[in-house]
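# Dropping a prediction and its sequence here:
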Amino acid sequence: MKKQNKGITLVALVITIIILLILAGISISALTGSGLFQKAGEAKNSYEEAERRENSILGEYENYINNVANETAELFVGINKNETNPEGAMPSENVTIIEADSTKGIVIKDKNEREWVWVEVPKTIFTTADALGEEKTEEQLNAAIKADLITYAGVYRKGDASQNHNWTDEWYSGCGVADAATYNEMYNKMINSVYNNGGFWIQRYEDGTVNITCSNAQIKASGYAPDEEKTSSLLFGIQWDLVCRYLDGKEGLTTAMINSNSSSWGRYSDTANNTPSAGLERNKKMNIYDFAGNLYEWTLEHATDYSSCPCSIRGGSCGSTGSNYPASRRGNDVTGDANTNISFRATFY
């Protein structure tokens, strides 16, 4: 009779378990000896570090994309950057946009709470400067920019038809600038900023300081720069003319209302209320207040026909009429004059 197989015996099971334990011990020993567990841990750490680096890089790219988006976002409306770029001439920090619409007059406020208005000078006017070749010198470029600006603002250069005198943007003793070299450096920086950015910033209001000489007005205005990269000063003569050119055709203004009689929009002796008072809506055009009348304003131009009165004042005052002193008109004064009818406004570039 055949012997029946009733399964694995207890002895065989014990032997099998012993053999498996021996093999497991050998395997664990072999794995431990080879450093495989250590390598697996290192691999895990490397993976986690790579994941952290990847997340960091993705975060940097996200920030970069957001920054690019913010930089290319339009801060102002109604402008053509091929013509004008107020952003390019803005202060570098802590700027508040008060009015973004160029059709109303762009206004910003700097960290010192001063308000500035953008005066557009279209880049397309610089035909002489743009025609210069790559071999142009700095002096040639500056001369060409100046010539283009004078041509563009030409109708306002004499102030009005009755003024057959000579005013120039040049240094003279008593203007508040140390010497001719400093004056020319400031002037060239200003016109190059206009050329590159298609405009410039001026104070929204007259400063309000009266009983101040031209020299002291310039010293005070030179401290109004909104950041370390900018220079501030009184307006140069050509800048005043360019403001006149900018305002022409805006908000109902005509050349005659700027050049011949500004009573309809300025504060003069022949208007209803001729007491100096800044900030009235009636006397605002394109967000610039009191450019016509209210107070005379010192400028950095030399009244060369008047050796005893070389300082220039612009814009008329409440003590003059709008026909005798329209917005564009130049006047002259002595260097030491300081009275209640003369103030200033600054520009930066």
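Happy to help now that I have it.

# Now residue 343: phi and psi?
phi -140, psi -150 (degrees, to the nearest 10).

# Could you find the closest non-adjacent residue to residue 336?
Setting aside the residues directly before and after it, residue 336 is nearest to residue 213 in space (C-beta to C-beta, 6 or more residues apart in numbering), at 5.9 Å. All C-beta spots, glycine's among them, are computed from the backbone N, C-alpha and C.

# Could you double-check that that neighbour sits in contact with residue 337?
Yes - the criterion here is C-beta atoms under 8 Å, and residue 213 meets it with residue 337 at 6.5 Å.

# Which one of the two is surrounded by more residues?
More crowded of residue 213 and residue 337, by other C-beta atoms under 10 Å: residue 213, with 21 against 17.

# Please determine how far that one is located from residue 295.
For residue 213, the distance to residue 295 equals 14 Å [C-beta to C-beta, to the nearest Å].

# circling back: now for residue 213 and residue 337: what residues contact both?
By C-beta atoms under 8 Å, 6 or more residues apart in numbering, residue 213 and residue 337 have no common neighbours.

# low pLDDT regions in the stretch 151-300 of the chain?
Counting by pLDDT under 70, the stretch 151-300 of the chain shows low-confidence ranges at 158-164, 272-279.

# let's see it at 80
158-165, 271-280 (pLDDT under 80).

# Do a quick rundown of the strands in it.
167-168, 199-203, 232-234, 284-285, 288-289, 296-303 (DSSP state E, counting those that start in this stretch).

# Leaving out chain neighbours, which residue sits closest to the most centrally placed residue in the chain?
The chain has residue 90 as the residue nearest its centroid, 1.2 Å off, counting by C-alpha atoms, centre = their mean. Nearest in space to residue 90, with sequence neighbours left out and distances taken as C-beta to C-beta, 6+ apart, is residue 108 at 6.6 Å.

# Show the contacting residues for the one you found.
By C-beta under 8 Å, 6+ apart, residue 108 lies in contact with 90-91, 95-98, 115-116, 118, 201.

# pretty sure it belongs to a strand, no?
Yes - counting by DSSP: H, G, I helix; E, B strand; the rest coil, one finds residue 108 located in a strand.

# pLDDT wise, what is it at?
Confidence at residue 108, expressed as pLDDT, is 98.

# If it is in a bridge, with which residues?
Going by DSSP bridges, residue 108 is paired in beta bridges with residue 97, residue 116.

# What of residue 201?
residue 118, residue 348.

# so it sits right up against residue 87, yeah?
No - with contacts counted by C-beta under 8 Å, residue 201 stays clear of residue 87, the gap being 11.6 Å.

# Comparing those two, which residue is more hemmed in?
Shown here are residue 201 and residue 87; by other C-beta under 10 Å, residue 201 has more neighbours (28 against 15).

# Could you measure from the more buried one over to residue 315?
Distance of residue 201 to residue 315, computed by C-beta to C-beta: 18 Å.

# before we move on, what about residue 230?
24 Å.

# between those two, which one's more packed in?
Neighbours of residue 230 and residue 315, each counted by other C-beta under 10 Å, are more numerous for residue 315; the result is 29 against 19.

# What distance do you get for that one to residue 293?
7 Å.

# Common neighbours of these two, please.
The contact lists of residue 315 and residue 293 share 266, 325, 327, where a contact means C-beta under 8 Å, 6+ apart.

# who's in contact with stretch 207-217?
Here stretch 207-217 makes contact (C-beta under 8 Å, 6+ apart) with 174-176, 220-221, 234, 278, 295, 298, 311, 333, 335-346.

# That one: end-to-end distance?
End-to-end distance of stretch 207-217 (C-alpha to C-alpha, to the nearest Å): 9 Å.

# Quick one: low-confidence residue ranges for the stretch 1-150 of the chain.
Ranges of the stretch 1-150 of the chain meeting pLDDT under 80: 1-73.

# Which residue ranges of it form strands?
Under DSSP E, counting those that start in this stretch, the stretch 1-150 of the chain gives strands at 96-99, 107-109, 115-120.

# Name the nearest residue to residue 264, sequence neighbours excluded.
residue 257 (6.1 Å).

# next one: residue 205
With C-beta to C-beta, 6+ apart, the residue lying closest to residue 205 is residue 289, at 4.9 Å.

# for residue 294, same thing?
residue 267 (4.4 Å).

# Give me the neighbour count for the one you found.
Residue 267 has 26 nearby residues by other C-beta under 10 Å.

# how about TSV for the strands of the stretch 151-300 of the chain, with distance to residue 146 added?
Shown next, in TSV, are these (distance: least, C-beta to C-beta, whole Å):
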stretch	distance to residue 146
strand 167-168	11
strand 199-203	14
strand 232-234	17
strand 284-285	26
strand 288-289	24
strand 296-303	13
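
# Of these, which stretch is the most buried?
strand 296-303 (a mean of 27; mean count of other C-beta atoms under 10 Å).

# if I've got this straight, residue 331 is in a strand?
Yes - counting by three-state DSSP, residue 331 is part of a strand.

# Would you confirm that residue 250 contacts residue 288?
No - contact between residue 250 and residue 288 fails when scored by C-beta under 8 Å: they sit 9.8 Å apart.

# gap between the nearest residue in space to residue 310 that is not next to it in sequence and residue 294?
Distances taken as C-beta to C-beta, 6+ apart put residue 172 closest to residue 310, at 4.9 Å, once the chain neighbours are dropped. Note on residue 172: its distance to residue 294, by C-beta to C-beta, is 26 Å.
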